[in-house]
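> prediction below, plus the sequence it came from.
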Amino acid sequence: MTDAYTSALRILQYRFNSEHELRRKLAAKRFEHAEIDAAIERLRNEKWIDDERFAEAYARTRAAKKIGPGRIKRELSAAGVDRGTADRALAANRDDERTGSDLAAILEKRRRILVRRHGEEFVRSAAGRSRLAGYLIQQGYPSDRVRELLQRNGDDGVEGDDRISVQETE
């Protein structure tokens, strides 16, 4: 039978984990609470786990996959990273120009999918714009940037209605 420390090292071979994730995985392997605490403390002292480093690497990796900052923050929270650490990681990896170009690329890709599925008329309708905006917001992009990009690209289609009815979730 392996001890909690060895199991934790095996888990960490595959990818970084937050302390919370590692505790959950070790508990699922039915290690005693005291043994998990000792292993976590030893790993922390040996610099194998560090939520700051985990959050920065996670934010950098997810941003490279064109995931928006809101979604990254939600995912870090789900991984057990505290809000302050997540905010610092996002700030360290913030690149407004890249976020804008990622948002434009995702908008165009999703737009093509919606046109193929529902036709150009749907995409220009309020329901189509709302669906497009909802998708982009769900991907973690701020609603004001989504709205601005949709209007700039001429997707404010329906006369007299330049509002997007999807509210930002956070």
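Yep, it's here.

> which SS state does the residue minimising distance to the centre of the chain fall under?
Nearest to the geometric centre of the chain sits Ile72, at 2.3 Å (Cα atoms, centre = their mean). For Ile72, the assignment made with DSSP: H, G, I helix; E, B strand; the rest coil gives helix.

> please apply the same query to Asn17.
coil.

> surely it touches Phe54?
Yes: between Asn17 and Phe54 there is a contact under Cβ atoms under 8 Å: 6.9 Å. Just so you know, the C-beta spots here come from the backbone N, C-alpha and C atoms, and that holds for glycine as well.

> now for those two: what residues contact both?
Ala79 (Cβ atoms under 8 Å, 6 or more residues apart in numbering).

> if we can go back for a sec, measure the residue lying closest to the residue nearest to the centre of the chain once chain neighbours are set aside to Ala39 for me?
Using Cβ to Cβ, 6 or more residues apart in numbering and skipping residues adjacent in sequence, the residue nearest Ile72 is Arg62, 4.8 Å away. Remark: distance between Arg62 and Ala39 (Cβ to Cβ, to the nearest Å) = 27 Å.

> break down the protein into its helices, ranges please.
4-14, 19-28, 33-45, 51-64, 69-78, 83-92, 96-118, 120-124, 126-138, 143-152 (DSSP state H).

> dump the ones you listed into CSV; add mean pLDDT as well.
Output for the helices of the chain, formatted as CSV (pLDDT from 0 to 100):
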stretch, mean pLDDT
helix 4-14, 94
helix 19-28, 95
helix 33-45, 95
helix 51-64, 94
helix 69-78, 95
helix 83-92, 95
helix 96-118, 92
helix 120-124, 91
helix 126-138, 93
helix 143-152, 90
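
> in contact with Ala79, which residues are there?
Listed by Cβ under 8 Å, 6+ apart, the contact set of Ala79 reads 17-18, 20-21, 54, 58.

> hmm, try it at 7 Å
18, 20-21 (Cβ atoms under 7 Å, 6 or more residues apart in numbering).

> relative to Val146, how far out is it?
25 Å.

> please apply the same query to Ile72.
16 Å.

> ok, now Glu97?
Counting by Cβ to Cβ, the gap from Glu97 to Val146 is 17 Å.

> same question, Tyr14
34 Å.

> compare the two (neighbour count), which wins?
The residue with more neighbours, out of Tyr14 and Val146, is Val146; 24 against 7, by other Cβ atoms under 10 Å.

> I figured that one hits Tyr135, correct?
No: in this structure Val146 lies outside contact range of Tyr135 using Cβ atoms under 7 Å: 9.3 Å.
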